[in-house]
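> fold the stuff below for me.
(chains A, B, C and D)
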4 protein chains.
Amino acid sequence: MTKTLNIAMIGGGFMGRAHAMAYATMPMCYWPAPAFAHRKVLVDVSDERAADGAARFGFDEASTDWRDAVTRKDIHVVDIVTPNDSHAEIAIAALEAGKHVICEKPLARSGAEAKTMYEAATKAGTVNMVAFNYRRTPAVAQAKKYIEDGRIGQVRNFRGTYLQDWSADPSGPLSWRFQKEVAGSGAVGDIGTHVVDFARYLVGEIVAVNSMVHTYIPERPLQADALDKLGASDKSGGGPTGKVDVDDEMIALLRFANGAVGSIEATRNAYGRNNFLTFEVHGSEGSIAFNYERMDELQVMFADDPADARGFRTVYTGPAHSNGDALWPIPALGIGYAETKIIECHDFFAAIANGTKASPDFEDGWRVSAIADGILESGETQRWVPTVP
Amino acid sequence: MTKTLNIAMIGGGFMGRAHAMAYATMPMCYWPAPAFAHRKVLVDVSDERAADGAARFGFDEASTDWRDAVTRKDIHVVDIVTPNDSHAEIAIAALEAGKHVICEKPLARSGAEAKTMYEAATKAGTVNMVAFNYRRTPAVAQAKKYIEDGRIGQVRNFRGTYLQDWSADPSGPLSWRFQKEVAGSGAVGDIGTHVVDFARYLVGEIVAVNSMVHTYIPERPLQADALDKLGASDKSGGGPTGKVDVDDEMIALLRFANGAVGSIEATRNAYGRNNFLTFEVHGSEGSIAFNYERMDELQVMFADDPADARGFRTVYTGPAHSNGDALWPIPALGIGYAETKIIECHDFFAAIANGTKASPDFEDGWRVSAIADGILESGETQRWVPTVP
Amino acid sequence: MTKTLNIAMIGGGFMGRAHAMAYATMPMCYWPAPAFAHRKVLVDVSDERAADGAARFGFDEASTDWRDAVTRKDIHVVDIVTPNDSHAEIAIAALEAGKHVICEKPLARSGAEAKTMYEAATKAGTVNMVAFNYRRTPAVAQAKKYIEDGRIGQVRNFRGTYLQDWSADPSGPLSWRFQKEVAGSGAVGDIGTHVVDFARYLVGEIVAVNSMVHTYIPERPLQADALDKLGASDKSGGGPTGKVDVDDEMIALLRFANGAVGSIEATRNAYGRNNFLTFEVHGSEGSIAFNYERMDELQVMFADDPADARGFRTVYTGPAHSNGDALWPIPALGIGYAETKIIECHDFFAAIANGTKASPDFEDGWRVSAIADGILESGETQRWVPTVP
Amino acid sequence: MTKTLNIAMIGGGFMGRAHAMAYATMPMCYWPAPAFAHRKVLVDVSDERAADGAARFGFDEASTDWRDAVTRKDIHVVDIVTPNDSHAEIAIAALEAGKHVICEKPLARSGAEAKTMYEAATKAGTVNMVAFNYRRTPAVAQAKKYIEDGRIGQVRNFRGTYLQDWSADPSGPLSWRFQKEVAGSGAVGDIGTHVVDFARYLVGEIVAVNSMVHTYIPERPLQADALDKLGASDKSGGGPTGKVDVDDEMIALLRFANGAVGSIEATRNAYGRNNFLTFEVHGSEGSIAFNYERMDELQVMFADDPADARGFRTVYTGPAHSNGDALWPIPALGIGYAETKIIECHDFFAAIANGTKASPDFEDGWRVSAIADGILESGETQRWVPTVP
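Presented below is the predicted three-dimensional model:
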């Protein structure tokens, strides 16, 4: 009989919404589902917000006491969708209480902090996952499949970007994402880690980085509350400002363990780019390109196509591709962010149900954070920095 | 206090899934929600399928008796996601029982049949909606707004297409969508009506059509059950075949009441086009173009831009656009099919909560079906056919 | 030994420039060339313009007497790049003088007028060509090849558009292109005929049309001279206006002799579309799409590609495609309008050198004009009009 | 009176063709022309090839003696379209003879070699130009204009790529482009320098680089002759092979004098990329993106557009843009490689006619070569290398 997993979700912002939507709908897509979610308790920073979140996202209970929530006997899964500075403390407590844990990315503010989480996870032996959801995009999973099947030969080069523009306007507020104490870093940790996850997923381990890291907008208006509204934030400006102590942009060269090379660029200040999470992979027998802004599409070119019919194919993912049975019955009906979280939820629950490891897990999360550290360090030292801990 | 609406959903296929996902998640997006859905009873053709659907889609009860379901005292909303031949009977029964009704498109197999539904709806006075969800795409709603705001001046021309390829392979099975008795028509009703809905929504009433209607694949393999799997259907072929008595393709010229002209093309046999639902509108001061395959994007050109910086703008919809507060906090995170249904659910529930009319309603559904009839008739007579009943 | 052909070019506007560029450079691309052009005499409406044109375009002599020029003993080829109202008179005189004739499109102001040219050409027995240069685009030629090779199976549907916006602004002047007496028609003849040429080239003969034809801008400012500057014309407006007596837009349904169907749209008033000459062809085994605005690219989809790697291929034409040896040594170096005229010149000269027929010839030009007549007639009668004379 | 410049062209390959086409047609576009070209003498390595080239490209005379050609009294302009190893010797001889010199890129095999040319040019005082023709693309010139006009604010970031795939197949022959002695370097000099030229043109001087440089295909089949056929080369393979001693790929980080940062990637081994010469520039008030594969188009985004109509504009260059009067009368008629050379020729001749400096000149060519040296050096040392000599 299908298991029901009781969920304690810590945090109730936009990401909490995304997760709650997945809990509510995953079994509708995957049937029979590996497990059902029961939304048991939602924890937020105030009674009011917790109550509001619980009502909105369909949790039975509201709480402001995450320690209690993550140690309750009736909780099976702890879902951490808080700002980065609380990931480690919550996750470790949950793991020590024997819970399965899914934690938003980046896993922690630094590799060292992430390592404590990885170690706790290893000790706990429960299922753990870091929520790099973008790799769940069917087009990205299909790229992985082409590569594994050898369709583009040996991978030689990876170029990834993650460009947004929601923070390009200096009148955007000083949310926690611009505060090192809370976020750990700026574009590097917030979005650069998604590209690093793509790079590791598609090509393999990154062994060294060489980077430039910059902060273009050094001050931003203070905001009344701690909320992070991203592109929906108030930009009316005025009032006192505070210091931005994280990076706005990074560009990095990469070396992979298997000899491939590459580069990454990440910034939230690239006007005109909204969620321009892209990669291009060149292999000895073909190439693959992807742009999340057109997430239903994958571009693939096979070198063995006839000379007069060679070119990138625009493949719309659907029933013939990754998770095709669970999603929509024809390509281009429109897969969205919600679906990446539905697939993520499925894979996490399947690992729990099957007693297997989830992927990417806290080890991956730690390694990605260590690479992020390397990027930041190289930005300081202006030298190549090895990134395998 | 927010009302809770008890739902009886008739049908449990892919479209039932889409609706169930919306019921489960709409309030997570729109908060406070206009109303909550309680998934009360799901009706399907067999005990087994009904039970399976109820479990999967989170309904309290399963039933095979739609008449009972739609007349139950505790039901507020009847949701019809069955094949076209049962729309009228179910909807009229539900309306006569005083229920609010949302019905999948096309509203009926013919304008005459749709008119009986419209008349029943008028008599009932409850909220009624026909589920042309694509107009809920934020980019399409933004197109409407540009036009209403006069940003492209007077609309002169509309060109719409809806091209798919899931039925291009003759070995695809003879599902109900290829049977006139069940579907009413082929590409005309199934997908052409979505383009007609766009045309009416963006430009205005269509007063005459002139068309070509063709059936390219006259026979298809019989399939064991009645299920319709669209692009996921079995194409192993072989076995006995049956007659396709609906259209595969239509191309039509349009005349609008306001003097604009246009054309529509719809087919499910256009290899390489997956869900190529497009429109292009030319006005006296600018133009708008949209392709649902890239549904986060709207193309808009303003003629008063400076000569050296004129061109279509690729606008990614987000917080600044239609339903922006309810969806994702930055553009291009990925709106999908699910969101069109979430918005649709919201708008339907808001009409119920506010005691207003929904749009598009059964009158729209009837008028669209009458236009579809006109297209089919013109395909026979090879003449212009007036389409205002 | 390679022949040298002496050219009399009648007309010296932008199109004359395009032809002169081809005469000067064709042999540099095709080597050995089928023939060399000697730019002998350029004829224009005034001594000043003729002299200026001759100097600019590298002709030995200038003249205002086209009758003399086209009957000179030393002239082998007459090239007609004048407004449409003089095509017939000049071409027939040249043909009667035994010259090879290349004439800009549309061949004449009407099918009847074009037929007199075709008959003169038949009688003359010299090489004749109508300058539908766009079909020379390597991507278009490759589309033809895919179709002929059966790569997309049986062609079922053709959709073509030719959308420009240079005349969308009502303050654009009343050049000859807006005067029926000179141009014969508006968008139908000027640009619609290019799409008709594509349709006939790729699919086959068009046997009937059904159209809408409109004039949106009924008056335009008179301009001092007869020059036609298209998008570079003065739009400062003001001053007296004159009547536009040609069409601004047409939309037409098509029936082909081989059973295929299709549609065409042509307008010079579609804001944001510059030279949006497109076609999409659906066949029983695949599809092809082309947009001249990205003329180096052809989109092709083969239905027999594996299910997980199906999609339109973006093929950049180069050495592996039509005229590949004569053009640039890698794809995407940038083929332009000039190259379409170079290829056209080559094919015309090759026909002369080899004593074969050119294609498209005056018969094609006549048939296209007859189809244009049918479109105009249907716009009046609102009925299907047969288009095979 | 318009001057006529007698040309000695050294080399007769594809690039010689491109230049000859420009000489023959530039005045047809620019009228009155700054000067006319008289194609006097073409020099190639054998009598046969020289004679053939002279006939093909319209030169009066053929020669195998470049020293004689570049010192002839009647020669005004020396045009060097030979492989890289002869640029310096020929150019310096021509400069010492007082000729104006245009030389293909890269200017030389190294910065040191290029400097000798720059010094000779300085001493000569004649007009000199290095043929980075891609910056002549109207879309690129328009990008420059937007930046100079402050339309995107302060430039912060530049990302450039030049990806081709003509050498990705290991069976492609060992042409001179793979031999360090002749070419100087591989992708770095051949194509990377075009991106460096873009970076300097659009953003400013590059002061330091940090790179990775790789050779993926270490051996290639020897070819019978010295010809370089790029994508049209024979790939039948077999036979003895020789060593490739130049780079296949480079990726570099950049620092600009004005504080901007950036990156470059260049390779001729990126399957599916034909002439993927791109840049993206982010500024404090907007962004610009360009891809030469769609060279008629420029993407530009202005941050001050209204929130609901923000996005990259796809601007097709035409009469309203750089060199608009000289090119085609509407956008998207198709500008190609030929036009970049026509504009280049015009600008070079205009400098001669007006007694001004050309741009980019040999100083630019030298600085670009010094940056290329820095990239190669950094690839060896794995450190940041300053690039201002």
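> for the rest of this, base every contact and every neighbour count on C-alpha atoms.
Will do.
> now do the top helix by length along chain A: everything it contacts.
Secondary structure of chain A per DSSP state H: the longest helix is helix A:362-381. The contact list for helix A:362-381 (C-alpha atoms under 8 Å, 6 or more residues apart in numbering or on different chains) reads A:105-112, A:114-115, A:117-118, A:121, A:128-130, A:188-189, A:192-193, A:196-197, A:206, A:208-213, A:252, A:384-389.
> if we use 7 Å, what do you get?
A:106-107, A:110-111, A:114-115, A:117-118, A:128-130, A:188-189, A:193, A:196-197, A:209-213, A:252, A:384-387 (C-alpha atoms under 7 Å, 6 or more residues apart in numbering or on different chains).
> do the same with stretch A:106-124
Contacts of stretch A:106-124 (C-alpha under 7 Å, 6+ apart): A:84-85, A:87-88, A:91-92, A:95-96, A:98, A:128, A:130, A:183-185, A:189-190, A:193, A:362-363, A:365-366, A:369-370, A:373.
> re the thing from before, next SSE after the longest helix of chain A?
Where DSSP states H and E defines the elements, the next helix or strand beyond helix A:362-381 is strand A:385-386.
> does chain D sit close to that next one?
No. Contact of strand A:385-386 with chain D is not found when judged by C-alpha under 7 Å from any C-alpha of the partner chain; the minimum separation is 11.2 Å.
> residue farthest from the centroid of chain A?
Relative to the centre of chain A, and counting by C-alpha atoms, centre = their mean, the farthest-placed residue is A:Asp308 at 39.9 Å.
> the residue in the stretch 251-389 of chain A that chain C sits nearest to and C:Tyr146, how far apart?
In the stretch 251-389 of chain A, no residue comes nearer to chain C than A:Arg313, which is 4.1 Å away by C-alpha to the nearest C-alpha. Separation of A:Arg313 from C:Tyr146 (C-alpha to C-alpha, to the nearest Å): 17 Å.
> who has more neighbours, those two?
A:Arg313 (25 against 20; other C-alpha atoms under 10 Å in any protein chain shown).
> quick one: is the strand or helix carrying A:Thr161 near chain B?
Here A:Thr161 sits within strand A:155-163, counting by DSSP H and E. No. Strand A:155-163 is not in contact with chain B by C-alpha under 7 Å from any C-alpha; minimum separation 11.3 Å.
> pull the CA atoms of that strand into PDB?
The C-alpha trace of strand A:155-163 is given here as PDB (Å, rounded to 0.1, in the frame of the first residue of the first chain):
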ATOM      1  CA  VAL A 155      32.300  16.000 -24.100                       C
ATOM      2  CA  ARG A 156      34.900  18.700 -24.600                       C
ATOM      3  CA  ASN A 157      33.400  21.900 -23.600                       C
ATOM      4  CA  PHE A 158      30.600  23.300 -21.400                       C
ATOM      5  CA  ARG A 159      29.400  26.900 -21.300                       C
ATOM      6  CA  GLY A 160      26.800  27.800 -18.800                       C
ATOM      7  CA  THR A 161      25.100  31.000 -17.900                       C
ATOM      8  CA  TYR A 162      22.500  32.100 -15.400                       C
ATOM      9  CA  LEU A 163      21.500  35.600 -16.200                       C
END
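> now that strand: average pLDDT?
Mean pLDDT, strand A:155-163: 98.
> after it, heading C-terminal, what element do we hit next?
helix A:180-183.
> up against chain D, what does chain A have?
So chain A meets chain D at A:Ala270, A:Tyr271, A:Gly272, A:His282, A:Gly286, A:Ser287, A:Met301, A:Ala303, A:Gly311, A:Phe312, A:Arg383 (C-alpha under 7 Å from any C-alpha).
> phi, psi for the last one please.
With angles defined as degrees, to the nearest 10, A:Arg383 shows backbone torsions of phi -140, psi 160.
> neighbours around it, how many?
18.
> in contact with the nearest residue to it once chain neighbours are set aside, which residues are there?
Nearest residue to A:Arg383, sequence neighbours excluded (C-alpha to C-alpha, 6 or more residues apart in numbering or on different chains): A:Asn210, at 6.0 Å. The contact partners of A:Asn210, by C-alpha under 7 Å, 6+ apart, come to A:Ala252, A:Leu253, A:Leu254, A:Ile375, A:Ser378, A:Arg383, A:Trp384, A:Val385.
> in which helix or strand would I find A:Asn210?
Here A:Asn210 is assigned to strand A:206-214, by DSSP H and E.
> now the element after that strand, going C-ward?
strand A:219-221.
> need the contact partners of that following strand.
Counting by C-alpha under 7 Å, 6+ apart, A:170-174, A:237-244 sit against strand A:219-221.
> same check on stretch A:10-28?
A:33, A:36-37, A:42-44, A:53, A:57, A:66, A:79-82, A:338, A:341-342, A:345-346, B:17, B:21, B:24-25, B:28, B:56-57.
> repeat the analysis, applying 8 Å as the threshold.
With C-alpha under 8 Å, 6+ apart as the criterion, stretch A:10-28 contacts A:9, A:33, A:35-39, A:42-45, A:49-50, A:53, A:57-58, A:66, A:78-82, A:338-339, A:341-343, A:345-346, B:17, B:20-21, B:24-25, B:28-29, B:56-57, B:328-329.
> tell me the mean pLDDT for it?
Mean predicted confidence for stretch A:10-28 is 97.
> out of the contacts of strand A:219-221, which one has the lowest pLDDT?
Confidence-wise, A:Gly237 trails the rest of these, at 66.
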